[in-house]
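J.: model this:
(2 chains)
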There are 2 protein chains.
Amino acid sequence: MTLSALLFIGSHAQAQTDPLPSWNDGPTKQGIVEFVRATTTQGAPTFVPEPERIATFDQDGTLWVSHPMYTQVMYVLESVPALVKAKPQLAKVRPFSTVLDILKGDRAAIAKLTLPDLEKLAAATLTGMPVETFQAEAKKWLAEAKDPRWKKPYTELTYLPMQELLKYLRANGYKTYIVTGGGQDFVRVYSEAVYGIPPEQVIGTAFGTTYGYAKDGKPFLTKAPKLLLNDNNAGKPEGIHLMIGRRPVVAAGNSTGDRQMLEYTNAGGGARLPMILLHDDAKREYAYGPAQGLPDTKVGTFTQALYDQAQKQGWTVISMKNDWKRIFAFDQ
Amino acid sequence: MTLSALLFIGSHAQAQTDPLPSWNDGPTKQGIVEFVRATTTQGAPTFVPEPERIATFDQDGTLWVSHPMYTQVMYVLESVPALVKAKPQLAKVRPFSTVLDILKGDRAAIAKLTLPDLEKLAAATLTGMPVETFQAEAKKWLAEAKDPRWKKPYTELTYLPMQELLKYLRANGYKTYIVTGGGQDFVRVYSEAVYGIPPEQVIGTAFGTTYGYAKDGKPFLTKAPKLLLNDNNAGKPEGIHLMIGRRPVVAAGNSTGDRQMLEYTNAGGGARLPMILLHDDAKREYAYGPAQGLPDTKVGTFTQALYDQAQKQGWTVISMKNDWKRIFAFDQ
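T.: Prediction:
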């Protein structure tokens, strides 16, 4: 057998056994692999019984790109023209008129949108319709909409290393959840196809529904503008208790909105793996913090205080630049 | 081989293949078995893909005994003495004083408790403590408390035919959920041990939690008196959408509080199996309706209107008296 043949077999065998091929070798990858082994080796003092293997992942900025703007905000904005078409009088009313300007190319107008504006837009585009209607509309948008930088559907902008990590955890008996500040109903539309995570394992900011009957007597649920769970900050551990009822063993996030989920995970007894992703790769994705002197941002803020807390409490800080060999499945 | 040996082999083989041995042969049992076959046979027009096989079961009166009073109400009442011990001034304050009278043997005093009384008692015994403290207290009570009629722990008063049905559905790729008007946190304490249903598959009336920090900086969740989901009536389908995000294919209940869940299940396209249990067995369990001329009750009311709706919409009405061979695992 020639040397090159031996090398081929060697790299082939490694490719088969390496569960995280898009991660660079180093302490981060090694720590994850060792953690999984430690919690799944029967008899080890760090063993976690399978029913307790709960892993919770933030979505925006943790599993997929969230810059320059959250995907669901793009959905809300791009749903406005249809809304205006149905109710033409809205065309001259703020914030709908502002959104029409943004969509016509005045990107700077996005800064004019206040939080109450966004709430009004969200209520108008995400509530008031039967749940099935919303699901069909979101699905249609996701199939057509494209991210302006990569010119690809948003659902292709998931991080390959995180996709590998989700699969690796599931292969080791972990139940993977999305715990997102985004809308629960929105993420549930694509979570199964995109992440292999079924709707019942998606926890997000949730509005209520109202049960009623159609004219033919058939019952249906209408999305109501009643906030049940603001799944950000303290709302994340509260939402986890509401929807899962167990403390996670593994958790991953990327911003201040994930702090409480990571703390809560970390504070459980026994082995725990809190992870936080630092966007420090301006070239392949985006760079923002302001931790570690990275540019400041309002979308997925990762403060220096959060970085310091992660270091102090021994959370795993994932550097996109250093720890990830590939970022997207479409990368070469 | 003797005839008796043949018979023995025959009955043994049947016991092995019959997934519902505590059910009497007849249209109810046959209908369930045929439904499961129809929804799990690849290629059948009624086939349901595995991720969509959601089965939701009410608990009180559907999976276990709820007469003469809901088990959780007994927990609330029997938690009052410890409360009074910690705050002696409560001993002379209603409704706590009324509860002390009830527990001293004045069972008639239970009628004096109004709904606001029960809400006050629930708030005092079910909220205000860390979630782990509540879980430990409920677990302790469940290990010691006994039902007055059977003198057995409440957790042994589950219906064997329903336990078989849960297992049968799971063996056929169904994901089984409890959807209870009772407290979500209460049922989650024992659901895994008693029904093989993990906490994340228990949906119930849910109160919020509040994230905070102990003196040593360790984060924890406190049960808060803030109602998030009243999981009764229309709250059942609303809760199912919130927690699962899919419409059930199979659902079971026993009272007016389950009507909307059963309607909603039934209204989905394709094969659906809504079931409602009629408590018509005064001898082996209890008889109440008032449907079909059975005695009226405030605990688990099954009206004639609900019975008529079940017949009209083709729900499966399970007669405890006629359809169940055995009721409890401890029955001979």
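J.: nearest residue to A:Asp101 in space, please, no chain neighbours.
T.: In this structure, A:Asp101 finds its nearest non-sequential neighbour in A:Ala109, 4.6 Å apart by Cβ to Cβ, 6 or more residues apart in numbering or on different chains. Quick note: C-beta positions are derived from backbone N, CA and C, even for glycine.
J.: residue contacts, that neighbour?
T.: A:98, A:101-102 (Cβ atoms under 8 Å, 6 or more residues apart in numbering or on different chains).
J.: next, it: secondary structure please.
T.: Three-state call for A:Ala109 (DSSP: H, G, I helix; E, B strand; the rest coil): helix.
J.: what does the one 10 residues further on give?
T.: For A:Glu119, the assignment made with three-state DSSP gives helix.
J.: count the residues that sit near A:Thr41.
T.: 11 (other Cβ atoms under 10 Å in any protein chain shown).
J.: now do A:Asp25
T.: With other Cβ under 10 Å as criterion, A:Asp25 counts 11.
J.: how near is it to chain B?
T.: 34 Å (Cβ to the nearest Cβ, to the nearest Å).
J.: what's the separation between A:Leu294 and chain B?
T.: A:Leu294 is 27 Å from chain B, by Cβ to the nearest Cβ.
J.: need the contact list for that residue.
T.: Here A:Leu294 is in contact with A:278-280, A:287-288, A:302 (Cβ under 8 Å, 6+ apart).
J.: doesn't B:Pro199 make contact with A:Ile244?
T.: Yes. Counting by Cβ atoms under 8 Å, A:Ile244 touches B:Pro199, with 6.9 Å between them.
J.: up against chain B, what does the stretch 101-250 of chain A have?
T.: A:131, A:175, A:184-185, A:188, A:192, A:198-200, A:202, A:206, A:208-211, A:218-221, A:228-229, A:234, A:237-238, A:241-246 (Cβ under 8 Å from any Cβ of the partner chain).
J.: any idea how far A:Leu115 lies from A:Ala122?
T.: Look at A:Leu115 and A:Ala122: by Cβ to Cβ, to the nearest Å, they are 10 Å apart.
J.: now do the SS call for A:Thr209.
T.: strand.
J.: now it. Nearest residue, chain neighbours left out?
T.: A:Leu221 (4.1 Å).
J.: which residues touch that neighbour?
T.: A:130-131, A:209-212, B:237-238, B:241, B:264.
J.: report the inter-axis angle for the helix or strand hosting it versus strand B:219-229.
T.: Assessed by DSSP states H and E, A:Leu221 sits inside strand A:219-229. Angle of strand A:219-229 versus strand B:219-229, following axes from the mean of the first three to the mean of the last three Cα atoms, to 10 degrees, is 150 degrees.
J.: how many neighbours does A:Lys175 have?
T.: 21.
J.: quick one: contacts for the residue nearest to it when sequence neighbours are not counted?
T.: Spatial nearest neighbour of A:Lys175, excluding adjacent residues (Cβ to Cβ, 6+ apart): A:Ile54 at 5.7 Å. Going by Cβ under 8 Å, 6+ apart, A:Ile54 touches A:174-175, A:177, A:244, A:246-250.
J.: ditto for A:Glu132
T.: So A:Glu132 contacts A:Phe220 (Cβ under 8 Å, 6+ apart).
J.: am I right that it falls within a helix?
T.: Yes. According to three-state DSSP, A:Glu132 belongs to a helix.
J.: could you report the pLDDT at it?
T.: A:Glu132 carries a pLDDT value of 96.
J.: same thing with A:Gly289?
T.: 97.
J.: correct me, but it touches A:Ala305?
T.: No. With contact defined as Cβ under 8 Å, A:Gly289 does not reach A:Ala305; the gap is 11.1 Å.
J.: which one's more surrounded, those two?
T.: Higher neighbour count among A:Gly289 and A:Ala305: A:Gly289, with 21 against 11, using other Cβ under 10 Å.
J.: can you show me the strands along the stretch 101-250 of chain A?
T.: Ranges of strands within the stretch 101-250 of chain A are A:175-183, A:202-213, A:219-229, A:250-253, based on DSSP state E, counting those that start in this stretch.
J.: and the last one, what does it pack against?
T.: I take that to be strand A:250-253. Helices and strands touching strand A:250-253, by 3 or more Cβ pairs under 8 Å, 6 or more residues apart in numbering or on different chains; DSSP states H and E, are strand A:54-57, helix A:160-171, helix A:259-266, strand A:273-278.
J.: out of those, which is closest to B:Gln309?
T.: strand A:54-57 (39.4 Å; Cβ to Cβ).
J.: by contact count, what packs against whichever helix or strand comes after that closest one?
T.: Counting by DSSP H and E, the next helix or strand C-terminal to strand A:54-57 is helix A:71-78. On a contact count with 3+ Cβ pairs under 8 Å, 6+ apart, helix A:71-78 meets helix A:96-103, helix A:115-126, helix A:131-144, strand A:175-183.
J.: quick one: buried residues of helix A:71-78?
T.: Of the residues in helix A:71-78, A:71-78 count as buried by neighbour count, 16 or more other Cβ atoms under 10 Å in any protein chain shown.
J.: after that helix, next one along is what?
T.: helix A:80-86.
J.: buried stuff in that next one?
T.: Result for helix A:80-86 [16+ other Cβ under 10 Å]: buried residues A:80, A:83-84.
J.: tell me the mean pLDDT over that helix?
T.: Here the average pLDDT along helix A:80-86 is 95.
J.: for chain B, what's the nearest residue on the stretch 1-150 of chain A?
T.: A:Pro51 (5.7 Å; Cβ to the nearest Cβ).
J.: my read: that residue touches B:Pro198, true?
T.: Yes. At 5.7 Å, A:Pro51 counts as touching B:Pro198 under the criterion of Cβ under 8 Å.
J.: find the residues that touch each one of these two.
T.: B:Glu192.
J.: contacting residues for A:Met74?
T.: Contact analysis of A:Met74 by Cβ under 8 Å, 6+ apart lists A:145, A:154.
J.: try 10 Å
T.: A:68, A:141, A:145-148, A:154 (Cβ atoms under 10 Å, 6 or more residues apart in numbering or on different chains).
J.: B:Gly268: which of the residues you listed is nearest?
T.: For the contacts of A:Met74, the nearest to B:Gly268 is A:Trp141 (24.6 Å; Cβ to Cβ).
J.: wait, that closest one touches A:Leu126, no?
T.: No. Between A:Trp141 and A:Leu126 there is no contact under Cβ atoms under 10 Å: 12.0 Å.
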